[in-house]
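K.L.:
whatever this is, show me its structure:
(chains A and B)
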Amino acid sequence: METGITPTVGPAPPEEERAASAWARLLEQASTCTDAVAFQALARKAARLEKELGGPPGHMPARIALMGGASTDLLVRPLGLALRLVGFAPELHVTPYNVMLQEMLEPDSGTSRFGPQIAIALMTPHSLPDWPAPGATADEATDLARRTCQQLYDACSVLHERCNAEIVLNTLPPFPQQPMGNLSAKSPEDANNFIRRVNVMLGDLAPPYVHMNDVAGLVERRGLDRWFDVRLWHEAKQPVAPGLIPELVRNMAAIVGGILGRSRKCLVVDLDNTLWGGVVGDVGVEGLALGEGTGLGEAFKAFQLYLRSLKERGVLLAVSSKNEERHALKPFEEHPETVLRRDDFVAFRANWSPKSDNLRAIARELNLGLDALVFIDDNPAEREEVRQTLPQVVVPELTDDPADYPMIVDATRCFEVSSVTEEDRRRSGMYRQRGQQHELLGATRNLSEFLASLEMRAVIRPFEPVSFARITQLVNKTNQFNLTTRRLTGAQVEALAADPKSFTRTVRLQDRFGDHGLISVLFGRIEADTLTLDGWLMSCRVLNRGVEQRLLNEVVAGMARAGVRYLVGSFIPTDRNALVRDLYRDLGFVLVSERDGVTTWRLDVHGFEPLQTFVTVRAEEGVE
Amino acid sequence: MTTGIDVLERVRLVIARVFGDDDVVVTRSTTASDVEGWDSVSNIEVLVALEREFAVRFNTGEMATLANVGQLVELIEMRLRRGED
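P.N.:
Modelled structure (predicted):
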């Protein structure tokens, strides 16, 4: 800091500092708060704090509309707090009671004018417009359920097309009364029987921009008596009793996080007394509680099965265990009832270092931020060490019964996603290949030889319908190799693909270890002689491979053919993307302006020398 | 069931918890409009929190008939006596 070039960073103004520390305290309290009254009180406090001092620093803005089929007054403040807890700075718009369809359909409704990124509806069974006639058959009831959902989705599509809004609907809880008694289960005319049909149909017919808040599932877990207080319905049209409001709003916030790319990516687990009962170094593989035969063994096996389900839908699993590595590996190799194998983990750290060190190393190894990790350990001291050292990591409090573990991980709602793509299902395998490449790198004399030995082949294509879901996902969750961090909804991706003025590219990459899938996205627009790049991002799985060089070579060649002279791109700094601060310079762009840390760069197509890269383009699938 | 502190003080503590104000002043003549934030919506929170604190149940519409905290305390005491029968 001895030169005059770097501006000296002074202490933050006292006002800001006061806000930051007050928010940090409040959010910490709220994050572990399970009591409904206390959560409401904290939500009130948060609203006051926001009014007096503004929001906490570093939160991502989110415009959210809350549309109620009943009164949502009691939800507003808690929802604001729950959104804060997952890192959003919410701007909330609340519609009046029971005007959901009008709000979506009318071009100058409050919701339409507000223009939400995400509109969350809370529907109740009371708001269903039609019910099956007495004596209705199953087919008639199913048909009515379909028409009911279709009508709802027609309204959703109007709002979506007008505002580009993603929409969150909910499955419906049943009514508490059961006039047909047990006959309800086989009577299509019965209201609760019909509600079940509607719930199935809601899921089956949902377009990609409609996301499900599974209220019916929440009610099944917690009980209808806790969810619905009929007195509060009669008195004040309260759709949900105050006791379950914290869980409901946290669920909504997690869904928002999933849509906007804030869900977590990796679950790090301890081994002894977390994946099996007992300490393997002490009792040996034979002495462990794992598998059929004892209740405790079955509980650990059930947790392993649960973890495997997470892995299969795209959550990365990793191990951090205080153990000798040879002990730690043994149960995976030798225990007859282990569900998980060494191969199921993308990182495996068995040593005596502090867990926080290992979590840092795992994040680094996988190119993830610490805020992508969740940590599970039966030992309260280890949990505390990680919480204190790495507050970005989610560390759920465990009970001392492993039978509870799956539900405890569920309840964090950290792994909410709005869709599961083919890439998700194969993610673990791809990360493992990276591990093998690290080993290969060690055995190879220099980087060029290493890259050449990978035999990388890229397929570069414009945005295409088959890739829309993956493009949307990648755009919204990539933080490090991301020049502008512009997020796009599914609708915006489709709009870009359809717009003749826009320029879009995706890159799929294969190498000798396997298929990495779609790993890079670029989008911009062509005006006169200039292609302006509005966004360029790449999965960190394929950093330092020469993919960006190959993509630029292809883009420049295409532009030269099309008579476009310049490429212009900006770097917009965030707290996560320092990795690409100098990317444009390194690729040969010239700096044209700089303001508030945002740098803008230009490349002249004339005289551009293709950059060296070991990625080949599969010619038969290239563009044009 | 003896509690050590009287019903009024326990009501005050519930209101303090709901509104996040430990020093809230609540007497028998206090009405909802005397407490910042106590409106028809937050009244639902107060009601549910009181039910939990005293393990009692109010009937539909019952709380809306009460004029002040004094009447609320009487209603709760009546419920508690009934529970002792």
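K.L.:
tell me the contacts of A:E325?
P.N.:
Listed by Cβ atoms under 8 Å, 6 or more residues apart in numbering or on different chains, the contact partners of A:E325 are A:348, A:350-351. Every residue, glycine included, has its C-beta placed from N, CA and C.
K.L.:
try 7 Å this time
P.N.:
Shown in contact with A:E325 (Cβ atoms under 7 Å, 6 or more residues apart in numbering or on different chains): A:A350.
K.L.:
which residue ranges of the stretch 251-400 of chain A form helices?
P.N.:
If you assign secondary structure with DSSP state H, counting those that start in this stretch, the helices in the stretch 251-400 of chain A sit at A:280-283, A:295-312, A:325-334, A:355-365, A:380-389.
K.L.:
what separates the spatially most central residue of chain B from B:V69, distance-wise?
P.N.:
Centre of chain B computed as the mean C-alpha position; nearest residue by Cα atoms, centre = their mean is B:V11, 4.4 Å away. Computed as Cβ to Cβ, to the nearest Å, the B:V11 to B:V69 distance reads 6 Å.
K.L.:
which single residue of chain A ends up nearest chain B?
P.N.:
Distances between chain A and chain B by Cβ to the nearest Cβ are smallest at A:A41, namely 3.7 Å.
K.L.:
does that residue count as helix, strand or coil?
P.N.:
In terms of secondary structure, A:A41 is helix; the call rests on DSSP: H, G, I helix; E, B strand; the rest coil.
K.L.:
ok, the closest residue to it other than its chain neighbours - contacts?
P.N.:
In space, A:A41 comes closest to B:G20 once its chain neighbours are excluded; the distance is 3.7 Å by Cβ to Cβ, 6 or more residues apart in numbering or on different chains. By Cβ under 7 Å, 6+ apart, the contact list for B:G20 reads A:41, A:44-45.
K.L.:
let's see 10 Å
P.N.:
A:37-38, A:40-46, A:48, B:37 (Cβ atoms under 10 Å, 6 or more residues apart in numbering or on different chains).
K.L.:
now do the end-to-end distance for stretch A:484-500.
P.N.:
22 Å (Cα to Cα, to the nearest Å).
K.L.:
got a pLDDT number for the residue in chain B that chain A sits nearest to?
P.N.:
Using Cβ to the nearest Cβ, the closest approach of chain B to chain A is made by B:G20 at 3.7 Å. We have a pLDDT of 85 for B:G20.
K.L.:
from A:H93, how far out is it?
P.N.:
Distance from B:G20 to A:H93, counting by Cβ to Cβ: 25 Å.
K.L.:
and for A:V592?
P.N.:
39 Å.
K.L.:
between those two, which one's more packed in?
P.N.:
A:H93 (18 against 12; other Cβ atoms under 10 Å in any protein chain shown).
K.L.:
doesn't the more buried one lie inside a strand?
P.N.:
Yes. With three-state DSSP as the criterion, A:H93 is part of a strand.
K.L.:
helices along chain B, start to end?
P.N.:
Listed in chain order, the helices of chain B (DSSP state H) span residues B:7-19, B:42-54, B:69-84.
K.L.:
of all those, which one is nearest A:V198?
P.N.:
helix B:42-54 (27.7 Å; Cβ to Cβ).
K.L.:
show me what from chain B comes close to chain A.
P.N.:
For chain B, the contact set with chain A under Cβ under 10 Å from any Cβ of the partner chain comprises B:14, B:16-21, B:36-37, B:39-49, B:51-53, B:57-64.
K.L.:
buried subset of the residues you listed?
P.N.:
The neighbour count (16 or more other Cβ atoms under 10 Å in any protein chain shown) marks B:14, B:16-21, B:37, B:42-49, B:51, B:53, B:58, B:63 as buried among the residues of chain B next to chain A.
K.L.:
common neighbours of B:V11 and B:V69, please.
P.N.:
Common neighbours of B:V11 and B:V69, counting by Cβ under 10 Å, 6+ apart, are B:26, B:28, B:30.
K.L.:
contacts for the least confident helix or strand in chain B by mean pLDDT?
P.N.:
Counting by mean pLDDT, DSSP states H and E, the weakest-scoring helix or strand in chain B turns out to be helix B:69-84, with a mean of 87. The contact list for helix B:69-84, computed with Cβ under 10 Å, 6+ apart, reads B:1, B:3, B:6-12, B:15, B:26-32, B:34-35, B:46-47, B:50-51, B:53-58, B:62-63, B:65-66.
K.L.:
mind redoing it with 7 Å?
P.N.:
The list of residues contacting helix B:69-84 from outside it, by Cβ under 7 Å, 6+ apart, reads B:7-8, B:11, B:26-30, B:50, B:54, B:56, B:66.
K.L.:
who are the contact partners of residue 36?
P.N.:
You didn't pick a chain, so chain A it is. Residues in contact with A:A36 (Cβ under 7 Å, 6+ apart) are A:242-243, A:245-246.
K.L.:
you answered for a different chain; I wanted chain B.
P.N.:
Contact partners of B:E36, counting by Cβ under 7 Å, 6+ apart, are B:F19.
K.L.:
and the gap between it and A:V76?
P.N.:
To A:V76, B:E36 is 17 Å away according to Cβ to Cβ.
K.L.:
over to A:S109?
P.N.:
Distance check for A:S109 against A:V76: by Cβ to Cβ, it reads 18 Å.
K.L.:
same question for A:L66.
P.N.:
7 Å.
K.L.:
anything in contact with each of those two?
P.N.:
Looking at what touches both A:L66 and A:V76 (by Cβ under 7 Å, 6+ apart), the common residues are A:92, A:94.
K.L.:
name the residues of the stretch 1-150 of chain A found near chain B, please.
P.N.:
By Cβ under 7 Å from any Cβ of the partner chain, the residues of the stretch 1-150 of chain A that approach chain B are A:37, A:40-41, A:44-45, A:73-74.
K.L.:
out of the residues you listed, which are inside helices?
P.N.:
Judged by DSSP H, helices contain the following of these: A:37, A:40-41, A:44-45, A:73-74.
K.L.:
follow-up on the earlier one: of the shared contacts of B:V11 and B:V69, select the buried ones using a ChimeraX command.
P.N.:
With 16+ other Cβ under 10 Å as the criterion, this ChimeraX line picks the buried residues out of the shared contacts of B:V11 and B:V69:
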select /B:26,30
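K.L.:
now the shared contacts of B:V11 and B:V69 as JSON lines including pLDDT?
P.N.:
Shown next, in JSON lines, are these (pLDDT from 0 to 100):
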{"residue": "B:V26", "pLDDT": "93"}
{"residue": "B:R28", "pLDDT": "93"}
{"residue": "B:T30", "pLDDT": "93"}
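K.L.:
pLDDT score for A:G597?
P.N.:
A:G597 is assigned a predicted lDDT (pLDDT) of 89.
K.L.:
and the residue nearest to it when sequence neighbours are not counted, helix, strand or coil?
P.N.:
Distances taken as Cβ to Cβ, 6+ apart place A:P573 nearest to A:G597, at 4.6 Å, with adjacent residues excluded. Applying three-state DSSP to A:P573 yields a three-state assignment of coil.
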